[in-house]
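Undergrad: model the following, please.
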Amino acid sequence: MKTLSYRVLLRKEPEGGYTVIVPSLPGCVTYGDTIEEAIEMAKEAIELYIESLKEHNEEIPTEEETFEYNLRLEANV
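TA: Reported below is the predicted structural model:
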């Protein structure tokens, strides 16, 4: 068994709760009322996503060659 690691992005929603996006898995989006619940939902969504890829004999994306960098820009908005 191989351990996979995925970056998740949590966005606080105006109506409450958090939307979670998994950038390396297109369309893998979920939601939780709390950060803890959102993370648990993300784990479940990733597992189901990978299970579906396996069933369809599709490649499982990894983040091994992905680098992250945050840019800060000043903008007139």
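Undergrad: buried residues of stretch 16-29, list them for me.
TA: By 16 or more other Cβ atoms under 10 Å, the buried positions in stretch 16-29 come out as 17, 18, 20, 21, 22, 24, 25, 28. Bear in mind the C-beta positions are built from the backbone N, C-alpha and C, glycine included.
Undergrad: swap that for stretch 40-58, please
TA: Neighbour-count burial for stretch 40-58 flags 41, 42, 45, 46, 49, 50 (criterion: 16+ other Cβ under 10 Å).
Undergrad: kindly reformat these as a markdown table containing distance to residue 33, secondary structure and pLDDT.
TA: Shown next, in a markdown table, are the buried residues of stretch 40-58 (distance: Cβ to Cβ, whole Å; DSSP: H, G, I helix; E, B strand; the rest coil; pLDDT from 0 to 100):
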| residue | distance to residue 33 | secondary structure | pLDDT |
| --- | --- | --- | --- |
| 41 | 10 | helix | 98 |
| 42 | 13 | helix | 98 |
| 45 | 15 | helix | 98 |
| 46 | 19 | helix | 97 |
| 49 | 21 | helix | 98 |
| 50 | 25 | helix | 97 |
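Undergrad: tell me the two of the buried residues of stretch 16-29 that are most distant?
TA: Longest distance between any two of the buried residues of stretch 16-29 is 22.8 Å, between 17 and 24; criterion Cβ to Cβ.
Undergrad: any weak-confidence spans in the chain?
TA: For the chain, applying pLDDT under 70 flags no range at all.
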